[in-house]
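Asker: I need the structure of the sequence given here:
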Amino acid sequence: MGETITQDRIARQREYNYHRTPDRRIQTPEAALAFVEEIGFCHFWPIKGAELPNLFHAIAGRIRPVPMKHDDPDISKCWRWKDEALGERQWHYGKLLRRRATLISLKLLPSFYACSETLDDPDDYLEEYRAGMMTAEAKWIYEAILEHGPLDTIRLRRLSRMSARSAKSRFDRALVELQVGLKVLPIGVARTGAWRYAFTYEILPRHSPELPEQACGIRRSQAQRTLVARYLDNVVATDRKMIARVFHVLGWTSSELEKTIGALLNEDLVQEMAVRGLSHPQLVSTCALEQSL
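Answerer: Below you'll find the model as predicted:
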């Protein structure tokens, strides 16, 4: 661990990787898709406390606060391009990392799926419910979609018997639970409700029937190495605590995470290095070190 890296070097590499520079800013839907494919996964918005690229800053070409005005050019592109891509199988969109809106490339989606507790057959959800791995509210939502097909949020609340105002928070939590578990995803927008805007949800394996087969050949440990290696390639350098925070919803144990990091160190895909100005060493992507900026 004799080598060192500067915080300035890390920051400059992140700006490049995250497309947070004027010359690399995302200006078309095609470029947005290429960005997600390039980095593998990112947040839709910047999320406090999570070091991860996000689509909004890539469209802005810089770090900036998320504006409250809907007619802001950057926010308009972000929303419109995301909505237009729903259901098109260009990428996976749903609440996942940090339980917030996440974009995942279709190439990396099987690795996320291999880390989840999902079952191959959509009808096997009762096994998870009986094992205490699915709440009653999530079960009601899942059953409504399973029986009736894709449903917008308004109809879904009614058919899952949670249309009362007092049930809204329970409904919202359960819907996030199902997205985090990679069981359902939004596939479109319905012009309904008070705001004339509501997501339409479908069961993920029914929407992408090839996904369980793609994931079945990937061992959980292999998927963990793939995701952590890609994460470090993107963020350049970070510590174990941040990695655990970012991937917390996937339910990895501390032992699994340590084995994953150990394997990446042994494969020389990651190096543990001192960073000037920081008291603790950081895990640094070997790929990022080889790039010259």
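Asker: ranges for the helices of the stretch 51-200 of the chain?
Answerer: Ranges of helices in the stretch 51-200 of the chain, per DSSP state H, counting those that start in this stretch, are 55-60, 73-85, 109-115, 125-130, 136-148, 153-159, 168-180.
Asker: Among the ones you listed, show me which one is buried the most.
Answerer: When you average the neighbours per residue for each of the helices of the stretch 51-200 of the chain (mean count of other C-beta atoms under 10 Å), helix 55-60 leads with a mean of 24. Using the backbone N, CA and C atoms, a C-beta is placed for each residue, glycine as well.
Asker: now that one: how far from the chain's centre is it?
Answerer: From the chain centre to the centre of helix 55-60 is a distance of 16 Å (C-alpha atoms, centre = their mean, to the nearest Å).
Asker: Also stretch 186-203?
Answerer: When distances are taken as C-alpha atoms, centre = their mean, stretch 186-203 is centred 20 Å away from the chain's centroid.
Asker: Only C-alpha atoms, please: export that stretch in CSV.
Answerer: Extracted in CSV, the C-alpha atoms of stretch 186-203 (Å, rounded to 0.1, in the frame of the first residue of the first chain):
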residue,chain,number,x,y,z
PRO,A,186,-43.1,0.8,-13.9
ILE,A,187,-43.7,0.2,-17.6
GLY,A,188,-45.6,3.3,-18.6
VAL,A,189,-47.5,6.4,-17.6
ALA,A,190,-51.2,6.7,-17.4
ARG,A,191,-53.0,10.1,-17.7
THR,A,192,-55.2,9.5,-14.7
GLY,A,193,-55.7,10.8,-11.2
ALA,A,194,-55.7,14.4,-9.9
TRP,A,195,-52.3,15.1,-11.5
ARG,A,196,-53.1,13.2,-14.7
TYR,A,197,-49.9,11.3,-14.2
ALA,A,198,-49.6,7.8,-12.7
PHE,A,199,-47.1,5.0,-13.3
THR,A,200,-48.4,1.7,-14.7
TYR,A,201,-46.8,-1.4,-13.0
GLU,A,202,-46.1,-4.9,-14.2
ILE,A,203,-44.5,-8.0,-12.8
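Asker: Go through it and flag the buried ones.
Answerer: 186, 187, 189, 190, 198, 199, 200, 201, 202, 203 (16 or more other C-beta atoms under 10 Å).
Asker: Low-confidence regions, this protein specifically.
Answerer: For the chain, residues meeting the criterion pLDDT under 70 lie at 1-2, 118-120, 292-293.
Asker: ok so, going back, tell me which of the helices of the stretch 51-200 of the chain sits nearest to residue 261.
Answerer: Shortest distance between residue 261 and the helices of the stretch 51-200 of the chain, using C-beta to C-beta, is found for helix 109-115: 15.4 Å.
Asker: residues contacting residue 175?
Answerer: Residues in contact with residue 175 (C-beta atoms under 8 Å, 6 or more residues apart in numbering) are 138, 141, 184, 201.
Asker: now swap in residue 86 and tell me
Answerer: By C-beta under 8 Å, 6+ apart, the neighbours of residue 86 are 93, 186, 187, 188, 189, 199.
Asker: if we can go back for a sec, identify whichever of the helices of the stretch 51-200 of the chain lies nearest to residue 210.
Answerer: Comparison of the helices of the stretch 51-200 of the chain against residue 210 by C-beta to C-beta identifies helix 109-115 as nearest, at 9.2 Å.
Asker: now what about the closest one, what contacts it?
Answerer: In this structure, residues lying in contact with helix 109-115 by C-beta under 8 Å, 6+ apart are 41, 92, 96, 104, 182, 208, 211-212, 214-216, 218-220, 222-224, 226-227, 250-252.
Asker: Please flag which of these sit within strands.
Answerer: 41, 92, 104 (DSSP state E).
Asker: Touching, residue 66 and residue 45? I think so.
Answerer: Yes - the pair residue 66 and residue 45 qualifies as a contact (C-beta atoms under 8 Å) at a distance of 5.8 Å.
Asker: what is in contact with those two at once?
Answerer: Joint contacts of residue 66 and residue 45 (C-beta under 8 Å, 6+ apart) are residue 56.
Asker: returning to what we had before: inside strands: which ones of the buried residues of stretch 186-203?
Answerer: Residues of those located in strands (DSSP E): 186, 187, 189, 190, 198, 199, 200, 201, 202, 203.
Asker: quick one: which of those residues is nearest residue 273?
Answerer: Using C-beta to C-beta, these come closest to residue 273 at residue 186, 40.2 Å.
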